[in-house]
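>>> Give the three-dimensional model of this entry:
(3 chains)
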Amino acid sequence: MKKTQWFRLVVGILAAATFVAACGDSSSSSSGEVASCAVGETDGDLAMFNWAEYIDEEQLQEFADEFGISYTLDSYDSNEAMQPIVSAGNSGYDVIIPSDYMVGILIAAGSIQPLNFDAIPNASNLSADFQGLYYDPDGTHSLPYQWGTTGIAVNTAVVGTDFPRSWGLIFDPAISGAFDGQIQLLNDPRETMGAALHYLGYSNNTTSIDELNEAKDLVRATAGRLAAFNTDSADEFLTSGETVIAHGYSGDMFVQFLETDNPSDYVYFVPEEGGTRWIDNFSIAFDAPHPCTAHTFINWMFGGDQGAALTNWNYYNTPNDAAVPGLDEDLLDFVNDPSVLAGGVDSLESLEDTGDFETNYSDAFVEAKG
Amino acid sequence: MTVAEAPVDREVDALEATPEFEAAAERQESRRGFLMALPAYAYLVLFFAVPLVIVVVYSFATRNRFGGTDLSGWNLDSYAKLGEPIVRDILFRSVWLALITTVICLVIAYPFAYFLATRSPAIRNVMLVFVMIPFWTNFLVRNYAWRVILGNDGPLTRTTEAIGLGEQELLFSQTAVVLGLVYGFLPFMILPLYAAIERIDHGLLEASRDLYANGYQSFRRVLLPLSMPGVIAGSILVFVPSLGAYVTPEILGGAKTTLLGSYIVTQFLTARNWPLGASLSFVLMAIMLVTTIIYFRKGGRTL
Amino acid sequence: MSSAVAPRGWTKFGLHLNGWLVYLFFYAPIILLVVFSFSASRNVGTWGGWTFEWYGEFADSQNARNALSASLKIAIVSTAVSVVLGTMAALSLERFTFRGKQVFDGLLYLPIIIPDVTMAVMMLLFFAEFFDVLDFLFGIETRKGFNSIVASHIAFSISFVSVVVRARLAGMDTKLEEAALDLYATRWKAFRYVTFPQIMPGIAGGALLAMTLSLDDVVITQFVAGPGWTTLPVYVFGLIRRGVTPLINAISVVMLVGSMTLVVLSIVVERARGGSRSE
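Residues are numbered from 1 along each chain as shown, chains lettered A, B, ... in the order given. You can find the predicted model right below:
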């Protein structure tokens, strides 16, 4: 009786062990060689893995029609959900759009392949501000896609216009005590702890546990004054009246303002103590089934017209110099408004992966929430 | 094959009820049972047990610098983490919430299941289906709909103000979370209860009435014990997933308290600490398994 | 139920009231969903005047339509398989003893208690290797997509189906089955004409549950899907991330109407065939 059961158990474990052992091998190992592709060459259909609503399907269809192929578009809602899928291998995707810190991780894990810039001549359109980025210093594995900032959005019809352009608007009860229960912070450990850290005068990439604990205490003291911690609907809560002070992303907020009847009631700014600048990027999966199509796509998207079309659709910011002349008026007004960056361009900081220290951020955030 | 195992498919009656025959019949029964279980068994071994073992292995691994998992060098670090106060608090909160949800579901679902089971056969099938239909909308969408209903200026508060019950700012409170959880898991309680109550011979209830028991006594002495399998099944189907719930606390609770489900998701999808996520999951599952066994033993069933 | 034992007076009133309140509770968000799917305002919760634009947007969106058809295909296949396997599992556990029964029983509970995200992660890791092994051993070439999603859905649905069917089987009077066997019925006939009709409500309940689980699953599906196999809940999840608009309501209403139509059809077919066989 016991024999068959043990037998089954042993077989099962052996099988699993084989898988696990094999795991170490076949997943993620980019060979380090660039795909040899000519400009405009395609080797099959385009499989794109992108954030939701980040690219117009019609634009993808245009690309597909021009090159006589078809496309698939699947979406993910966070870098951390996308990365294991790509790193595990056999994902089937060609082009992915990782955020700044995630590119560094993907490179280290061998999950994305180096780009063949001979096949991407339009990369010369890349703005100088976006070269030599910390996460990909030689720019070998990524090309910036869109970028934006994280800051505070305010309903001035309720709050008035006389408030300091500082994180204190959220963290300081002396400033916003009247709006308790109508304030929202992002449900993102790095962004929210980062906001607290900036307010306290520290870097949002600190690896000092003391600084982090200070930030944690600050967030904890604020938690009771919040309506919610929320990322997806930060913009909606603001315009629907659930909140009057919101922590959120530039493009999201801007689009949401324009949806309302009275956009001029709302204002978005990056506080003077500093905020996050984030950059999303084109990358190609290490085992992309159609690397040449992927290169051609990236090159096509980096043309001036396509770059402008992209940004005019999702209303974030473009790293593509050639696209700037084609941008919508509204967008340019919003983006070029000097009051948006209360601390100036230099106050912006990108989020970097802190390696082994990273888990402290998420734990501090959990403890702060109570 | 002996004469006794001839093609006639009979359990008991035989030409000769010898011990050898009985043993052979038992073996045949046992084989049948095994064959009946085999498809599901084999399927689950391949598509569940094997993947599970992979993750068990991961729980002994270490999180590397980049949030990937380093399989060389096994250790118990991720299990050691479980003793920390942060995990204890989360566990306590989650168990409490899941208990409340289960009890409320039981209290609401039992009369409802009884109501359903005592309609005429044609109607009760239809009614049962109408119970399930709302749950064929997307789970997330239902949560978001509740967010609108419970919102600051939403339908609920407008209704209560209109009928004089005053303003109800329920959104982002603990109450909203419980409401959302009860809403999401009520069918899981109703279905097994309905199945159990529906097959009870109502002649027994009649008999208890004839013997001068009142309604409450009939319920407590006859109906409840007979429907116990449904109560147990329903409670497990509600309590267990409630413990791991994370969507509702986030959408309706404003993510203001971290529950076990959210914490596990955070490990996998934010902190990228898979070993800890794995160890948390297994401890959770172990607790659940133990609870289930205890509950079943009390209910007199096997597990 | 005989009138001698039917609840009377306050109990009866209470039962009915509870019944209708529960239905109201269940349908409150649905009503909201339907009403606001016709609202011209992008903000769900603020009424913006009547419009069909969201339905139009849904009809136009290739992605949404693909997601819907993907979800339906997956749900139907996974429900069918898991109902068969789950019912067999339930029968084997309730009616037989055999070696390894306890292990099987325990194994069957694991998919119920495992957190979604853990299962998602483990299935991802599993399929990353499984298809390679399949190719190597049998030369079967397949990618992540329909196959991996369906396989995963079946894996978690079997347990739920078996729990519901077991609740039905447990304590069910076996005398009728024994009587049938005594009367020279074969095992199969006894099952088909005696056991099966009696457990039908359990099987139907299990099937409904399996269908719902499949149509709702997000995390597991996300991790084992492949290009072009985004299911509806994953698609909606992505949309929600970008903003809750009435488009989501419109999609949900379409699904709702679809499932209601299916159900009405099956009831009509059932009636036409002479009604149910159950007691």
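
>>> In chain C, which residue sits closest to chain B?
Closest approach between chain C and chain B, counting by C-beta to the nearest C-beta: residue C:96, at 2.5 Å. Heads up, the C-betas are built off the backbone N, CA and C, glycines and all.

>>> Do I have it right that that residue meets residue B:28?
No. Shown here, residue C:96 and residue B:28 do not form a contact pair, counting by C-beta atoms under 8 Å, at 10.6 Å.

>>> returning to what we had before: next, count neighbours for the residue of chain C closest to chain B.
Residue C:96: 17 surrounding residues under other C-beta atoms under 10 Å in any protein chain shown.

>>> which residues sit in contact with it?
Applying C-beta atoms under 8 Å, 6 or more residues apart in numbering or on different chains, one finds that residue C:96 lies in contact with B:29-30, B:32-34, B:36-37.

>>> Can you report phi and psi for it?
phi -130, psi 160 (degrees, to the nearest 10).

>>> quick one: low-confidence parts of the stretch 101-250 of chain B?
Counting by pLDDT under 70, the stretch 101-250 of chain B contains no low-confidence residues.

>>> Distance check, the residue most central in space within chain C against residue B:181.
In chain C, the residue lying closest to the centroid (C-alpha atoms, centre = their mean) is residue C:211, at 1.9 Å. Remark: distance between residue C:211 and residue B:181 (C-beta to C-beta, to the nearest Å) = 22 Å.

>>> So what's the gap between stretch A:57-70 and the chain middle?
The chain centroid and the centroid of stretch A:57-70 are separated by 25 Å under C-alpha atoms, centre = their mean, to the nearest Å.

>>> Just the residues contacting it, thanks.
Outside stretch A:57-70, the residues that touch it by C-beta under 8 Å, 6+ apart are A:40, A:42, A:44-46, A:48, A:71, A:73, A:293, A:296-297, A:300-301, A:306, A:309-310, A:313, C:61-63.

>>> Show me just the buried residues among these.
A residue is treated as buried here by neighbour count (16 or more other C-beta atoms under 10 Å in any protein chain shown); on that basis the buried members of the contacts of stretch A:57-70 are A:42, A:45-46, A:48, A:71, A:73, A:293, A:296-297, A:300-301, A:306, A:309-310, C:61, C:63.

>>> So which of those belong to strands?
Secondary structure assignment by DSSP state E places A:46, A:48, A:71, A:73 of those in strands.

>>> Show the contacting residues for the closest residue to the third one other than its chain neighbours.
Right, residue A:71. With sequence-adjacent residues excluded and distances taken as C-beta to C-beta, 6 or more residues apart in numbering or on different chains, residue A:71 is closest to residue A:46, at 4.3 Å. The neighbours of residue A:46, taking C-beta under 8 Å, 6+ apart as the test, are A:60, A:63-64, A:69-72, A:94-95, A:290, A:293-294, A:297.

>>> cool, residue C:218 as well?
B:139-140, C:116, C:233-234, C:237.

>>> from the residues you listed, which single one is nearest chain A?
Compare each of the contacts of residue C:218 with chain A using C-beta to the nearest C-beta and the shortest gap goes to residue C:237, at 6.5 Å.

>>> Helix, strand, or coil at that closest one?
Using DSSP: H, G, I helix; E, B strand; the rest coil as the criterion, the local structure at residue C:237 reads helix.

>>> is it true that it touches residue B:140?
Yes. Because the distance of 5.9 Å satisfies C-beta under 8 Å, residue C:237 is recorded as touching residue B:140.

>>> related to what we said a few turns ago, so how far is chain A from the residue of chain C closest to chain B?
15 Å (C-beta to the nearest C-beta, to the nearest Å).

>>> How about residue C:97?
Residue C:97 is 12 Å from chain A, where distance means C-beta to the nearest C-beta.

>>> Ok, residue B:124 next?
Between residue B:124 and chain A the computed distance is 40 Å (C-beta to the nearest C-beta).

>>> Enumerate the residues of the stretch 101-250 of chain B near chain A.
Within the stretch 101-250 of chain B, the positions adjacent to chain A are B:151-153, B:171-172, B:250 by C-beta under 8 Å from any C-beta of the partner chain.

>>> And residue C:237 and residue B:140? Which one has more around it.
Relative neighbour count places residue C:237 above the other of residue C:237 and residue B:140, with 26 against 21, counting by other C-beta under 10 Å.

>>> so the residue of the stretch 1-150 of chain C found nearest chain A is in which element?
When C-beta to the nearest C-beta is the measure, the stretch 1-150 of chain C has its nearest residue to chain A at residue C:128, with 4.0 Å between them. Using DSSP states H and E, residue C:128 sits within helix C:116-138.

>>> now check the following helix or strand past that helix, is it near chain A?
Proceeding C-terminally, helix C:116-138 gives way to helix C:146-169 as the next helix or strand, assigned by DSSP H and E. No. Contact between helix C:146-169 and chain A, assessed by C-beta under 8 Å from any C-beta, is absent, since the two come no nearer than 10.0 Å.
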